[in-house]
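**Q** quick check, what structure comes out for this input:
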Amino acid sequence: MTEQDNATVNLREGKQEKFKTTIIDAKNDDSTLRVLVTGASGFIGSRLVSRLTSSSIISSISNPHFLSAHQHNDGGNNKPTAKRRRQIICMTRDPKLLEDKIDNIKEKVEIVEADVMIYQQLVEALYGIDVAFYLIHSMEGSSSKEWKKFAQKDRKAAENFARAATECGVKRIIYLGGLVHDQDTRYQDLSEHMRSRIEVGKILKISSSSKVTILRAAVILGHGGGSFQMLKYLVERLPIMVCPKWVLTKSQPIAVDDVVTYLVKAMESKDTENKTLDIGGPDILTYVNMMKRYAKIINNRPLKILIIPFLTPRLSSYWVDLVTPVKASLARPLIDSLKYEAIVKDDSIKKIIPIKLKTFEEAILAAKQEEEEEEEEEERIAEQPKITKTEQIERKERTSHWLNNKILIASLFLMAAVGSTYYIFNTRPEIFGFQLLALATLWYLAIVVALYFVSKGARLGAMISGVVGWVSLAFWIIDSLYTFMGQSVISTTTNPNYLMTLRNIVGPIIAAMVVAASHNVFHKIRIHSL
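**A** As a prediction, the model looks like this:
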């Protein structure tokens, strides 16, 4: 007996009788439209749930499936319409995460804890559902080995969902995929990420009996989204932008609120059934244009950009990881998607769902406003006796990120001051040699760059600090060998005086502080998603 058969038998045998009875009652109630949102705690899913719960009534036009005993005629065109109560079911692997994202969520929706990789849980979640939103993507993993397997996970997840939807009689599936025109690009030349997004849509269409609607979007702009985070921090943290050639590829970014509007209205429209529709904002921009516009909107300053053709998506993802809170495992598929032109070629969605789309500038300002409101809310919560999630994390740690950051900045300044004593209390003329002066210049420059990025909260600053700290520690230890060997390594004629000997004792201690603090800051930035 297959896994699918076992799941069906288990459900029918009554392992979840209470659950099943509730679902069947709702299924037999024609006045209720049951809508399942997968990935409900995600960037798109949480916003979709909020929008769907803002109104408990859905209106459907000329759709026999949605008609109920509440039919009435529209005086304008005499077409039958129906109003049905909308019941929202959120499917998530972590209900607590969903509760943290949406206030009073339990009062608004039914929460189902289920994993798309476990078929039986899917059957239980989908039984009695009319419309299902498929918003699941395995874009990243906790290790490189996991990341390489994300396409396999997406395939298995889509196959499970399609079979379970067919088993449970789900009438419609709405899937949000990536905007890529595979007919213009050889399929094998696409990145694994983009091939996976295309494949998921095909599996849902072919392997399920549901009517499938696929919406394809390019860069989605909104607070909390990977694309917006990457754009925001690259512009705000880098005085000079070093970019690969993929930043010259055209894209059609769209505001996250417009994406959610399209998803909701696609559910309400019969004309979107069994169709693949491209969605995009009113602006067609390269990533360079996006960065320049963002800099003008937020900082009102021109952006200096240097394009280097040899930066691969892998190297670019590591750079993004060091400068922004976006992990390399997430940055790489995002960058992969930016390598291909992503503009709307078929705008038939505008006739089916006519909405006023936000411009790039409006999308950025909306994201920044949401970010500011969230920060204000966090400050308000922090003033209350209740312990916040960040405080709970910090209480478990020996030292906080804030303290380590201050220690790192202070110790970098101290290390630079101690290094200056080579020229203030110098008794060895070799210190002023060209090679040592060039190395000293690089050393000071590295400290300045490290301080800049540490002050911006980027992991790159902690990494540079660590490297400079280790190099300084090694140098000062080597320079102190004369106390045992009787001869200075730097000078063959003169040994350091008393003050410089004291410096060679204090210096390594400060360098060790830099190393320790940089290590802590590097890892705490990732823990706190800064």
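**Q** next up, the contacts around the residue sitting nearest the centre point of the chain.
**A** Centroid-nearest residue in the chain: residue 226, 3.1 Å away (criterion: Cα atoms, centre = their mean). When the contact criterion is Cβ atoms under 8 Å, 6 or more residues apart in numbering, the partners of residue 226 are 43, 326, 330, 331, 334. Every C-beta, even on glycine, is put in place using the N, C-alpha and C of the backbone.
**Q** from the residues you listed, which is closest to residue 104?
**A** residue 43 (20.4 Å; Cβ to Cβ).
**Q** roughly how far does the residue lying closest to the closest one once chain neighbours are set aside sit from residue 112?
**A** Leaving aside its chain neighbours, residue 43 sits nearest to residue 225 (4.9 Å; criterion: Cβ to Cβ, 6 or more residues apart in numbering). Distance, residue 225 to residue 112, using Cβ to Cβ, to the nearest Å: 25 Å.
**Q** same deal with residue 346?
**A** In this structure, residue 346 and residue 112 are 35 Å apart, going by Cβ to Cβ.
**Q** wouldn't residue 294 be in contact with residue 231 here?
**A** Yes: using Cβ atoms under 8 Å, residue 294 makes contact with residue 231 at a distance of 5.8 Å.
**Q** all helices of the stretch 251-400 of the chain, in order?
**A** In the stretch 251-400 of the chain, the helices defined using DSSP state H, counting those that start in this stretch lie at 256-268, 287-298, 313-323, 328-338, 349-352, 360-382, 389-396.
**Q** so which of the ones you listed is the most packed in?
**A** For the helices of the stretch 251-400 of the chain, the largest average neighbour count (mean count of other Cβ atoms under 10 Å) is found in helix 328-338, namely a mean of 23.
**Q** what's in contact with that helix?
**A** Residues outside helix 328-338 that contact it (Cβ under 8 Å, 6+ apart): 139-142, 144, 147, 150, 178, 180, 191-194, 218-219, 226-227, 230, 246-247, 249, 251, 287, 313-314, 316-318, 320-321, 324, 326.
**Q** how far off centre is that helix?
**A** Mean-position distance between helix 328-338 and its chain equals 10 Å (Cα atoms, centre = their mean, to the nearest Å).
**Q** could you do stretch 407-422 as well?
**A** Chain-centre distance of stretch 407-422: 36 Å, with Cα atoms, centre = their mean.
**Q** give me the buried positions along it.
**A** For stretch 407-422, a neighbour-count test (16 or more other Cβ atoms under 10 Å) marks 407, 408, 409, 411, 412, 414, 415, 416, 418, 419, 421, 422 as buried.
**Q** before we move on, what about stretch 161-176?
**A** Residues 161-165, 167-168, 170-176 are the ones in stretch 161-176 that count as buried (16+ other Cβ under 10 Å).
**Q** identify the residues contacting residue 131.
**A** Residue 131 touches 33, 34, 35, 36, 170, 171, 172, 173, 174, 267, counting by Cβ under 8 Å, 6+ apart.
**Q** in strands only, show me those residues.
**A** 33, 34, 35, 36, 172, 173, 174 (DSSP state E).
**Q** list the contacts of the last one.
**A** Taking Cβ under 8 Å, 6+ apart as the contact definition, residue 174 lies against 131, 132, 133, 134, 212, 213, 215, 263, 266, 267, 272.
**Q** can you pull the pLDDT of it?
**A** pLDDT for residue 174: 96.
**Q** any idea how far residue 163 is from residue 47?
**A** As judged by Cβ to Cβ, residue 47 and residue 163 stand 28 Å apart.
**Q** do the same with residue 194
**A** Using Cβ to Cβ, residue 194 is found at 25 Å from residue 163.
**Q** try residue 296
**A** According to Cβ to Cβ, residue 296 and residue 163 sit 50 Å apart.
**Q** again with residue 498
**A** 81 Å.
**Q** so which of the buried residues of stretch 161-176 is the closest to residue 522?
**A** Among those, residue 176 lies closest to residue 522 (Cβ to Cβ), at 34.4 Å.
**Q** who's more crowded, residue 346 and residue 112?
**A** The residue with more neighbours, out of residue 346 and residue 112, is residue 112; 20 against 11, by other Cβ atoms under 10 Å.
**Q** quick one, what contacts that one?
**A** By Cβ under 8 Å, 6+ apart, the contact list for residue 112 reads 36, 89, 90, 91, 92, 124, 125.
**Q** switch the cut-off to 7 Å
**A** Applying Cβ atoms under 7 Å, 6 or more residues apart in numbering to residue 112 gives the contacts 89, 90, 91, 125.
**Q** show me which pair in those is furthest apart.
**A** 90 and 125, at 9.7 Å, using Cβ to Cβ across these.
**Q** surely residue 235 forms part of a helix?
**A** Yes: Residue 235: assigned to a helix according to DSSP: H, G, I helix; E, B strand; the rest coil.
**Q** show me the beta-bridge partners of residue 278.
**A** Counting by DSSP bridges, residue 278 is bridged to residue 216.
**Q** check contacts around it.
**A** By Cβ under 7 Å, 6+ apart, residue 278 lies in contact with 179, 216, 344, 345, 346, 349.
**Q** closest one of these to residue 459?
**A** Within the contacts of residue 278, the smallest distance to residue 459 is 30.6 Å, found for residue 179 (Cβ to Cβ).
**Q** make sure that closest one is actually in contact with residue 216.
**A** Yes: with contact defined as Cβ atoms under 7 Å, residue 179 counts as touching residue 216 (4.3 Å).
**Q** one step back: go through the buried residues of stretch 407-422 and flag which are in strands.
**A** Using DSSP E, no member of the buried residues of stretch 407-422 falls within strands.
**Q** now, those residues that are in helices?
**A** Among these, the members falling in helices (DSSP state H) are 407, 408, 409, 411, 412, 414, 415, 416, 418, 419, 421, 422.
**Q** tell me the two of those that are most distant?
**A** With Cβ to Cβ as the measure, no two of these lie farther apart than 407 and 422, at 23.9 Å.
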